[in-house]
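>>> Build me a model:
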Amino acid sequence: MRKLMALATLLVAACGVDGEPVQPSGGVDVSLSSSGVGLGANVGLTKGPLRVGLGL
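Below is the predicted model of the structure:
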């Protein structure tokens, strides 16, 4: 019975019942202007309505 309960717990955890997965995002920006070339980058994580990001 314990093995069956452990297997059921693993299956429930593996199928995403514990919530939406964390979705990474990122991007690179390149811009040209009269003063030269500009580079920028950003990375972030999204989980449900929460979004955390960092831009350089």
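
>>> Leaving out sequence neighbours, find the closest residue to Gly55.
Asn42 (4.1 Å; Cβ to Cβ, 6 or more residues apart in numbering). For every residue, glycine as well, the C-beta is placed using N, CA and C.

>>> Tell me if Pro21 really is in a strand.
No. Counting by DSSP: H, G, I helix; E, B strand; the rest coil, Pro21 is not part of a strand but coil.

>>> What is the burial count for it?
Residues lying near Pro21 (other Cβ atoms under 10 Å) number 9.

>>> measure the closest residue to it other than its chain neighbours to Leu54 for me?
Nearest residue to Pro21, sequence neighbours excluded (Cβ to Cβ, 6+ apart): Lys47, at 7.8 Å. Separation of Lys47 from Leu54 (Cβ to Cβ, to the nearest Å): 16 Å.

>>> now the helices for the chain?
Secondary structure of the chain by DSSP state H: the helices cover 2-14.

>>> got any ranges where this structure has weak pLDDT?
Counting by pLDDT under 70, the chain contains low-confidence residues at 11-20.

>>> Check the gap between the nearest residue to Leu39 once chain neighbours are set aside and Pro24 for me.
Counting by Cβ to Cβ, 6+ apart, the nearest residue to Leu39 once its immediate chain neighbours are dropped is Val30, at 5.9 Å. Distance of Val30 to Pro24, given as Cβ to Cβ: 21 Å.

>>> Now do the closest residue to Gly44 other than its chain neighbours against Val28, distance only.
Nearest in space to Gly44, with sequence neighbours left out and distances taken as Cβ to Cβ, 6+ apart, is Gly53 at 3.2 Å. Taking Cβ to Cβ as the measure, Gly53 falls 14 Å from Val28.

>>> Of those two, which one has the most company?
Gly53 (12 against 9).

>>> The more buried one contacts Val43, doesn't it?
Yes. The pair Gly53 / Val43 is scored as a contact, 6.8 Å apart, by Cβ atoms under 8 Å.
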